[in-house]
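next input, structure requested:
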Amino acid sequence: MTPVYAIYAKPETLLVISTFVVAIGTVAAYDIAMFFLKNEKAALILGISYFLHPSLQGVTLSGFSLEPFAATLFLFIVYYLITCDFRKLALVVPLGLMTHEASVPVIAFIAIYGMWHHKSIRNRGFQAALIILAVSVPYFFFAQMMRTHFGWTGSPSLWHEWRLVGATSPVDLPLKIVLNPMGALEALSYDWATKASYMMTILIPTAFLALLGLEGSIPAIPYLFISLFSAYPLYYSFDGHYGAFLAPFIFISLIHGIVRLQRKPRFRHSVLKLAKIATAGCIISLIALLPSAYYKYEVSGMTSDHNKIVHKFISHIPRNASVLTQSNIFPHVSNRPNAYTIPPPMWGDEYRQIGEEMLLNLRRSNIEYLLLDFNSEAHYVSAAELIYDVFSLENSTKYERIVPEEDGVQCYKLVDNLNE
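All right, here's what the predicted structure looks like:
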């Protein structure tokens with residue numbers, strides 16, 4: 001689930017784009033609430049509560065990625081499926097499938113939710129959901145095959161998220177859980193306090209009303225499955241973009257919970273009052289959680305002046321030249337076949353080992369340009385330092401700086417190719 005995004009675009013631009021994409025999802029959130037509750041004011045308030053849910057803040061603030069698009073498309077798929085708007089459904093489902101590899105199982109479970117909603121196989125909505133499920137399953141395995149076809153030979157993840165149960169990817173996780181129940185129990189209980197706290201924090205903004213409508217969380221099962229059985233803290237925290245796979249369906253569970261509560265004859269509170277309670281829960285949770293996590297987000301550490309310097313250094317590199325750089329700059333030079341990067345070694349010993357192996361191979365390739373930024377985030381700087389050390393740039397006779405260092409940014413060119 002690693003996004004490719006332009007880290008050196010203006011941070012305020014990235015923030016606006018991500019926020020705008022998530023905000024579009026509030027339109028579908030409002031429509032879903034209106035469909036079930038038949039109350040315009042309550043639907044509007046709940047649409048706002050969806051946008052304010054704490055788990056979506058990491059989606060918007062952690063850098064520009066594909067997850068905001070996924071979250072918004074999930075809600076539109078649900079809405080068009082339950083309302084049987086098949087023309088629009090035929091548009092958003094392919095877009096959702098192509099957005100992110102992790103979106104495919106989620107959309108398959110949206111289809112299962114659609115079948116639950118429409119109940120009868122004679123219902124056209126049920127049939128549409130069945131078609132979506134039938135397309136999603138082979139598409140998932142087709143996408144995995146295409147990665148290999150285009151040259152992917154690495155392991156699915158270097159994080160080893162499911163090492164406790166013996167799985168190497170989400171694909172083999174269900175089988176490993178069946179074959180290794182003790183390992184599965186150990187994985188589920190790993191960091192259990194943090195996982196339990198995460199789930200509680202997800203539910204508090206809904207005033208726990210989402211627990212009354214858990215059928216709305218059917219599409220969240222794939223994400224909950226891979227996150228709760230993992231040993232990777234980012235999967236069960238608000239500090240990243242993974243909330244996109246959970247927040248839309250917690251919202252739908254909230255809607256179902258309100259509907260179920262309203263059907264109780266002795267319950268006297270109005271739909272509008274319940275919507276206000278849920279929104280108040282979101283606001284209180286957001287105020288409590290966001291300040292403590294904001295400093296971790298990439299958008300808070302970027303400056304437009306530094307970005308301009310990086311872009312200026314990139315302009316010194318010819319479009320057809322080979323270049324090696326760190327991964328946050330790589331998207332800006334990746335339109336050439338001979339651009340290279342390494343994973344930040346700070347992520348773990350295995351990342352360092354793989355990075356060193358890659359660099360040793362690249363030393364024999366006579367890379368023409370090296371572009372390093374020693375004034376970015378710590379894990380990216382660790383990659384710059386490793387490149388610097390492996391290529392021995394301090395005393396190198398092969399590389400020469402083509403422009404003076406500026407704000408920690410350095411650019412080197414292979415001496416053999418200098419035109420003197």
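
got the contact list for the closest residue to L359 other than its chain neighbours?
By the measure of CB to CB, 6 or more residues apart in numbering, the closest residue to L359 outside its immediate chain neighbours is V390, 4.2 Å from it. All C-beta spots, glycine's among them, are computed from the backbone N, C-alpha and C. If a contact means CB atoms under 8 Å, 6 or more residues apart in numbering, then V390 has E356, L359, L360, R363 as its contacts.

poorly predicted segments of this structure, please.
1-14, 62-64, 147-159, 268, 291-304, 395, 416-420 (pLDDT under 70).

domain ranges for it?
The chain is divided into the following domains under automatic domain parsing: 11-299, 303-417.

so of the ones you listed, which one's packed in deepest?
Mean neighbours per residue, mean count of other CB atoms under 10 Å, is largest over these for domain 11-299, with a mean of 19.

does I45 lie in a helix or a strand, and which?
Taking DSSP states H and E as the criterion, I45 maps to helix 40-51.

for that helix, packing partners?
The contact analysis (3 or more CB pairs under 8 Å, 6 or more residues apart in numbering; DSSP states H and E) places helix 40-51 against helix 11-37, helix 247-262, helix 271-294.

try it again with 6 Å
Counting by 3 or more CB pairs under 6 Å, 6 or more residues apart in numbering; DSSP states H and E, the packing neighbours recorded for helix 40-51 are helix 11-37, helix 271-294.

TSV for these, including distance to H256?
Output for the helices and strands packed on helix 40-51, formatted as TSV (distance: least, CB to CB, whole Å):
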stretch	distance to H256
helix 11-37	7
helix 271-294	12
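
which stretches in the stretch 151-300 of the chain count as helices?
Secondary structure of the stretch 151-300 of the chain, counting by DSSP state H, counting those that start in this stretch: helices at 173-179, 181-189, 192-203, 221-228, 247-262, 271-294.

could those helices be laid out in TSV, adding distance to H379?
As requested, the helices of the stretch 151-300 of the chain are exported to TSV (distance: least, CB to CB, whole Å):
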stretch	distance to H379
helix 173-179	27
helix 181-189	26
helix 192-203	21
helix 221-228	22
helix 247-262	26
helix 271-294	17
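
for P343, find the nearest of the ones you listed.
P343 lies closest to helix 221-228 among the helices of the stretch 151-300 of the chain, at 20.9 Å (CB to CB).

against which helices or strands is that closest one packed?
Contacting helix 221-228 under the criterion 3+ CB pairs under 6 Å, 6+ apart are the following elements: helix 103-118.

other SSEs contacting the helix it packs on?
Helices and strands touching helix 103-118, by 3+ CB pairs under 6 Å, 6+ apart, are helix 67-82, helix 86-99, helix 124-149, helix 221-228.
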